[in-house]
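Student: structure for this input, please:
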Amino acid sequence: MRFNETLTEVIKADLEMGIPPALMGEPGIGKSSWVESLAYEMGTKAFVLPCNQLADKADLTGARLVPTEDGGSFQQVFFPHHVIAECIGYAEANPREWPILFLDEINRTTADVTSGALTLVTLRRMGHVKLPDNVRIMVAGNDKGNVTSLDEASLSRFSIYRVEPEAATLIEVLGDDINPWVKEVLVRFPGLVFQKATPSVIAVDGDDDSDEDTSTFVDLFDSGEEMNQLTTPRTIENLSRWLNKADPDQLGRYLATPSVVAGRETTVLNEIIEAHVGNTEFAVQVVAKIADDLASGMSNTAGPRVTVPQPNCYASLKAATTVTDLEGLISTLTDNEKSGCLLFALKENADNTVVIEQLAQATDNIESTHLQTLVQMLPAGQVDQQNLEALLNSSAPIVDSLRSILSAFQ
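Tutor: You can find the predicted model right below:
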């Protein structure tokens, strides 16, 4: 299944019912980034624990023998990994959210660590440390390579999804940070989002009936022992970040400077692009696009759709029948919930004047992630004008800090 809206819908349903989803696929295809984006869309946070970085089970469980109070013997005490501890603390502080504990690379580690991670999934505890009920668990694993096999009893506890990257989802996840050249190539050639380092081999994306010179996703890592860079969502993101920092004049000099790589005549720009994403058709298309735009001075600046999460508690605010009831509900919300509800109330195409006025009075500041989303929503036209005016007309102190930003789009 591709990383798209359908997968988002079904994973959300699993999480709501407390069923742990397992994402199985090749490394580097964007599983971690997708889960973090999913958590934000659900109005919460993802806590990512890379299991392949753990040396043994004790790194996960934190099991230690400590002296008893009387000093006469020892007892086993658990100090779970700091990512698990952070997730527990956040879940307890935000009981109406469903924070995600994401155990990444669960089977690309030792059998001991995998066993410990699966115990956390099945028992929802590490020794005496119990996961709060609102914590949702997701795992990710790899289909190929040096991996630990999961037995049928363990697999039966998950909903298992075989996942593959999708260019449109990568564009959405990277948002305004995506480099325009990278974005244009992905839009024009979505099938190039995942390739091995051979320009003639293009991963099948399901949109082309031709199967000539194509490779399945399962085959892409079976290219021998050579250390060749690949085009994957992870390496594409790294290239995008590098290009965003590059000076156009500098890129022009790189393009004009010849180079030889493994006996192949090329340019320094090609060599740099291939260092990030491999000697693939994607690299060829990116270099061609840069060359065209440097010659013409053109660039693509179109932005993606903005995701505005709806907090779980928002529906109860809208259902309040009196201002007193509404004030009472808002007083029980966390700072993150107040900020998120105010953001969604501005976006919703409905008269949210009363909700906005009460939220504004009770909100001390907009969370940084919500402020970034608001800044993206305004030029994209995703703020309801009536609700925007309601906020600007409010006498709440928070409005003063936002007025210069909001007024430009009134």
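Student: any weak-confidence spans in the stretch 101-250 of the chain?
Tutor: By pLDDT under 70, the weakly predicted segments of the stretch 101-250 of the chain are 143-149, 151, 198-227.
Student: all helices for it, in order.
Tutor: Along the stretch 101-250 of the chain, the segments classed as helices by DSSP state H, counting those that start in this stretch run 111-123, 152-155, 167-174, 180-188, 233-245, 248-256.
Student: tell me which other helices or strands the third one touches.
Tutor: Helix 167-174 makes packing contacts with helix 31-41, helix 180-188, helix 233-245 when contacts are defined by 3 or more C-beta pairs under 8 Å, 6 or more residues apart in numbering; DSSP states H and E. The way it works is simple: take the backbone N, C-alpha and C, and place the C-beta from them, glycine included.
Student: okay if I get the helices of the stretch 101-250 of the chain as CSV plus distance to Asp104?
Tutor: As requested, the helices of the stretch 101-250 of the chain are exported to CSV (distance: least, C-beta to C-beta, whole Å):
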stretch, distance to Asp104
helix 111-123, 10
helix 152-155, 17
helix 167-174, 16
helix 180-188, 24
helix 233-245, 12
helix 248-256, 34
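Student: need the ones you listed in CSV with mean neighbour count and distance to Gln358, can you?
Tutor: Converted to CSV, those look like this (neighbours: other C-beta atoms under 10 Å; distance: least, C-beta to C-beta, whole Å):
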stretch, mean neighbour count, distance to Gln358
helix 111-123, 19, 40
helix 152-155, 12, 47
helix 167-174, 21, 32
helix 180-188, 20, 40
helix 233-245, 19, 40
helix 248-256, 14, 49
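Student: and of these, who's closest to Glu16?
Tutor: The closest of the helices of the stretch 101-250 of the chain to Glu16 is helix 111-123. By C-beta to C-beta, the value is 17.2 Å.
Student: which residues does the closest one contact?
Tutor: 20, 51, 54, 56-57, 59-61, 84, 103, 106-107, 126, 131, 137, 139, 148, 150, 154, 157-158 (C-beta atoms under 8 Å, 6 or more residues apart in numbering).
Student: off-centre distance for it?
Tutor: In terms of C-alpha atoms, centre = their mean, to the nearest Å, the centre of helix 111-123 is set 24 Å apart from its chain centre.
Student: gap between Phe158 and Ile137?
Tutor: Distance from Phe158 to Ile137, counting by C-beta to C-beta, to the nearest Å: 9 Å.
Student: for those two, list the residues in contact with both.
Tutor: Joint contacts of Phe158 and Ile137 (C-beta under 8 Å, 6+ apart) are Pro20, Val121.
Student: quick one, longest helix in the protein?
Tutor: Scanning the chain for the longest helix, with DSSP state H as the assignment, gives helix 281-296.
Student: with just CA atoms, put that one into PDB.
Tutor: C-alpha atoms of helix 281-296 as PDB (Å, rounded to 0.1, in the frame of the first residue of the first chain):
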ATOM      1  CA  GLU A 281      17.100   8.700 -13.700                       C
ATOM      2  CA  PHE A 282      15.900  11.000 -10.800                       C
ATOM      3  CA  ALA A 283      19.400  12.500 -10.600                       C
ATOM      4  CA  VAL A 284      19.400  13.000 -14.400                       C
ATOM      5  CA  GLN A 285      16.000  14.800 -14.300                       C
ATOM      6  CA  VAL A 286      17.000  17.100 -11.400                       C
ATOM      7  CA  VAL A 287      20.200  18.100 -13.200                       C
ATOM      8  CA  ALA A 288      18.300  18.800 -16.400                       C
ATOM      9  CA  LYS A 289      15.800  20.900 -14.600                       C
ATOM     10  CA  ILE A 290      18.400  22.900 -12.800                       C
ATOM     11  CA  ALA A 291      20.300  23.500 -16.000                       C
ATOM     12  CA  ASP A 292      17.100  24.700 -17.800                       C
ATOM     13  CA  ASP A 293      16.100  27.000 -15.000                       C
ATOM     14  CA  LEU A 294      19.500  28.500 -14.500                       C
ATOM     15  CA  ALA A 295      19.500  29.300 -18.200                       C
ATOM     16  CA  SER A 296      16.100  30.900 -18.200                       C
END
